[in-house]
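J.: model this:
(chains A and B)
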Amino acid sequence: MRWPQPPLPPGPLPPDMQPPIISQLLLEWVLPDALQEPVLGDLQEEFIQRQHRNRQRACWWYRRQALSTCWHFLHQTKGDWLMFIFSMLFFIGISVWAMLVSAPDDPLAFYDLISLVLIFPPAVLFAVGATSRQTLQRAIAFLFDPRPGAQPQDYLQIRHFFRVMGNSGLLLGLFSTLIGAIAIAQQTNAGNFSETFGPATAVCLLTLLYGAALKTLCYVVAEKVRFVADLSAQPHQMQS
Amino acid sequence: MTQDKFIGELEQMLLLCVLQLKDDAYGSQIRSFLADKAQRDLSIGALYTTLERLEQKGLLSGRLGEATAERGGRAKKYYSVTGEGRQALFRSKAALEQLWQGLALQLAPQFDQGGCTR
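T.: Numbering: from 1, shown residues only, chains lettered A, B, ... in the order given. From the prediction side, this is the model:
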């Protein structure tokens, strides 16, 4: 249905006439490149007609259309990304489940803030230090949109970033575990052995656990980067 | 008769909309025309999924047109029915007419008794 439409002001649309920005960004993220112009244009054209009657309803209409459109194109354009994220979440979920099953009486037995601080921030800093801040930005962008099409050098740098981060995490885990083992050895004696050795060793090993987890995740991401880089190098394989 | 280009009901409707709209067949107009004439309110996503499928089958061809201010400076994508698309439509229409003709001869009295007006 078409409604009479007053003329638009010259220049770009004022903010109070723009469609919902989050829905627009979502559509730009999900839609294939070739359809972004026509789909976003059609939606905006109809949105402007609708908002002359009622802006709030027009916004809801736009959001519904955006969600429906994303649903239709998500598997086509983001299927690989969804599978990639699912595999990561599955690993994290299974790990958390195993931890909860291992220590049902104490759900926080596998949580130690100091161990986390010893592993994750230094691993990220090492990776940035060994590469560059631009590589960090590209690596984060890759996690959200691992599409082929970038330069081969970019993929090499991103892969290098994740390899450094994973290896650093594992080595930091070993290093921190050694610190903990030395501290335990120094402070344990015949009197307090039965009370302190077990809990202290468990906390000490947590750093190794976090390091191994980070290494595992980074290994998968680095392999994904290599796969996407191979696809980019051989465009005919992207269509098969 | 080639049997490789079968079209479903929605595909047939969209091909007919594109033919009816002639040079003005782009997403928003097709959606509006379909809602007016067939009372079928498609979402933009469902519309473009089907249009893309028809384009991949070679039944439609698309070209980018002009950008307007009301579209935020974004171009329209105009569609036109290809020769293959017209053939597929004719085949579909002929098949449906054949099928309806046979059913009408046998079932029309029952429809009348049941109060069906179609």
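
J.: where in chain A is pLDDT low?
T.: Low-confidence segments of chain A (pLDDT under 70): A:1-13, A:235-240.

J.: spatially central, which residue of it would that be?
T.: A:Leu143 (4.8 Å; CA atoms, centre = their mean).

J.: for the helix or strand where that one lies, packing partners?
T.: Secondary-structure element containing A:Leu143, defined by DSSP states H and E: helix A:133-144. Helices and strands touching helix A:133-144, by 3 or more CB pairs under 8 Å, 6 or more residues apart in numbering or on different chains; DSSP states H and E, are helix A:113-130, helix A:152-187, helix A:193-233. To be clear about C-beta, it is placed using only N, CA and C from the backbone, and glycine gets the same treatment.

J.: cutoff 10 Å now
T.: Packed against helix A:133-144 by the contact rule (3 or more CB pairs under 10 Å, 6 or more residues apart in numbering or on different chains; DSSP states H and E) you find helix A:55-102, helix A:113-130, helix A:152-187, helix A:193-233.

J.: chain center to the longest one, what's the gap?
T.: For helix A:55-102, the gap between its own C-alpha mean and the chain's C-alpha mean amounts to 12 Å (CA atoms, centre = their mean, to the nearest Å).

J.: what helices or strands is it leaning on?
T.: Helix A:55-102 packs on helix A:21-30, helix A:33-51, helix A:133-144, helix A:193-233, helix B:44-57, going by 3+ CB pairs under 10 Å, 6+ apart.

J.: got any ranges where chain B has weak pLDDT?
T.: Applying pLDDT under 70 to chain B flags the ranges B:1-5, B:104-118.

J.: need the residues of it near chain A, please.
T.: Neighbours of chain A within chain B, by CB under 10 Å from any CB of the partner chain: B:26-32, B:35-36, B:41-52, B:55, B:62, B:64-65, B:67-79.

J.: alpha carbons of stretch B:16-32, as CSV, please.
T.: Output in CSV follows, covering the C-alpha atoms of stretch B:16-32 (Å, rounded to 0.1, in the frame of the first residue of the first chain):
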residue,chain,number,x,y,z
LEU,B,16,4.1,-12.3,-13.3
CYS,B,17,4.5,-9.2,-11.1
VAL,B,18,7.8,-8.3,-12.9
LEU,B,19,6.0,-8.7,-16.2
GLN,B,20,3.1,-6.5,-15.1
LEU,B,21,5.4,-3.8,-13.7
LYS,B,22,7.4,-3.7,-16.9
ASP,B,23,10.2,-1.1,-16.4
ASP,B,24,9.3,-0.3,-12.8
ALA,B,25,9.9,-3.8,-11.4
TYR,B,26,12.2,-3.3,-8.3
GLY,B,27,11.9,-4.8,-4.9
SER,B,28,9.6,-2.3,-3.2
GLN,B,29,7.2,-2.0,-6.1
ILE,B,30,7.1,-5.8,-6.6
ARG,B,31,6.3,-6.3,-2.9
SER,B,32,3.6,-3.6,-3.0
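
J.: can you give the distance from it to the centre of its chain?
T.: Distance, centroid of stretch B:16-32 to centroid of chain: 9 Å (CA atoms, centre = their mean).

J.: buried stuff in that stretch?
T.: B:16-18, B:21, B:25-32 (16 or more other CB atoms under 10 Å in any protein chain shown).

J.: any chance of a markdown table for those, columns secondary structure?
T.: Formatted as a markdown table, these follow (DSSP: H, G, I helix; E, B strand; the rest coil):
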| residue | secondary structure |
| --- | --- |
| B:Leu16 | helix |
| B:Cys17 | helix |
| B:Val18 | helix |
| B:Leu21 | helix |
| B:Ala25 | coil |
| B:Tyr26 | strand |
| B:Gly27 | helix |
| B:Ser28 | helix |
| B:Gln29 | helix |
| B:Ile30 | helix |
| B:Arg31 | helix |
| B:Ser32 | helix |
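
J.: out of those residues, what pair is the most spread apart?
T.: Greatest spacing in the buried residues of stretch B:16-32, by CB to CB: B:Leu16 and B:Ser28 (17.3 Å).

J.: other residues contacting stretch A:53-67?
T.: The contact list for stretch A:53-67 (CB atoms under 10 Å, 6 or more residues apart in numbering or on different chains) reads A:3, A:16-20, A:22-27, A:30-31, A:39-40, A:42-44, A:46-52, B:43-45.

J.: thinking again about what came up before, in a markdown table, list the helices and strands packed on helix A:55-102 along with distance to A:Tyr155.
T.: Conversion of those to a markdown table gives the following (distance: least, CB to CB, whole Å):
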| stretch | distance to A:Tyr155 |
| --- | --- |
| helix A:21-30 | 20 |
| helix A:33-51 | 19 |
| helix A:133-144 | 8 |
| helix A:193-233 | 4 |
| helix B:44-57 | 29 |
